[in-house]
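1. My questions are about this predicted structure, shown below with the sequence.
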Amino acid sequence: MRINNAEAVNKLQEFNDETVHITTITLAELYVGAYRSNNVLHEVSKVDRLLQNILVLTLDTQSAKKYGELHYQLRSEPIGDRDLFIASIVASIVVSNNQSLLTKNVKHFERVPSLIVNSW
């Protein structure tokens with residue numbers, strides 16, 4: 001959501017003809033950041049505007065099942081309970097919807113089988 005993050009903007013522009021999605025978990029993290037900011041109303045408004053152009057993928061039955069599988073597979077090399085939870089949920093939603101993931105935090109996702117990870 002940072003205006004000065006040219007790398008992220010450039011990477012998103014590569015997907016100009018594709019539909020961009022966001023998971024409910026990622027959306028929740030954006031709202032956490034907005035509410036932690038010095039200008040809450042402005043930052044919440046930015047997140048709200050983002051939703052006008054992006055589809056939200058939710059945790060459904062298939063992605064919940066995938067979450068259980070991924071959490072089990074990834075537990076051997078812990079990345080912290082909260083990060084493991086977030087990575088597993090986000091990855092399960094992305095994989096079960098046959099999408100790829102765009103993230104700056106490749107480390108938490110590169111071990112997920114069948115997940116296509118893009119970074120900027």
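-> Alright, I've got the coordinates.
2. C-alpha only now, for contacts and for neighbours.
-> Fine.
3. show me where pLDDT drops low in this protein?
-> The model of the chain has pLDDT under 70 over residues 1-5, 8-9, 12, 17, 77-82, 84.
4. mind giving me the domain split of it?
-> As assigned by automatic domain parsing, the chain contains the domains 20-57, 59-120.
5. Check the offset of the shortest one from the chain's centre.
-> Relative to its chain's centre, domain 20-57 lies at 11 Å (C-alpha atoms, centre = their mean, to the nearest Å).
6. and the end-to-end length of it?
-> 10 Å (C-alpha to C-alpha, to the nearest Å).
7. For that domain, buried residues please.
-> 21-27, 30-31, 34, 43-44, 46-47, 57 (16 or more other C-alpha atoms under 10 Å).
8. what's the farthest-apart pair in these?
-> Largest separation among the buried residues of domain 20-57 by C-alpha to C-alpha: 43 and 57, giving 21.5 Å.
9. Just name the closest of the buried residues of domain 20-57 to residue 68, please.
-> Of the buried residues of domain 20-57, the one sitting nearest to residue 68 (C-alpha to C-alpha) turns out to be residue 25, at 15.9 Å.
10. how about the strands in the protein?
-> 21-23, 55-57, 101-102, 117-118 (DSSP state E).
11. In TSV, list those strands along with distance to residue 70.
-> Output for the strands of the chain, formatted as TSV (distance: least, C-alpha to C-alpha, whole Å):
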stretch	distance to residue 70
strand 21-23	16
strand 55-57	18
strand 101-102	15
strand 117-118	15
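12. How about the residue nearest in space to the middle of the chain, nearest residue that isn't a chain neighbour?
-> Geometric centre of the chain, nearest residue: residue 26, 4.3 Å, by C-alpha atoms, centre = their mean. The spatially closest residue to residue 26, leaving aside those adjacent along the chain, is residue 90, at 7.4 Å (C-alpha to C-alpha, 6 or more residues apart in numbering).
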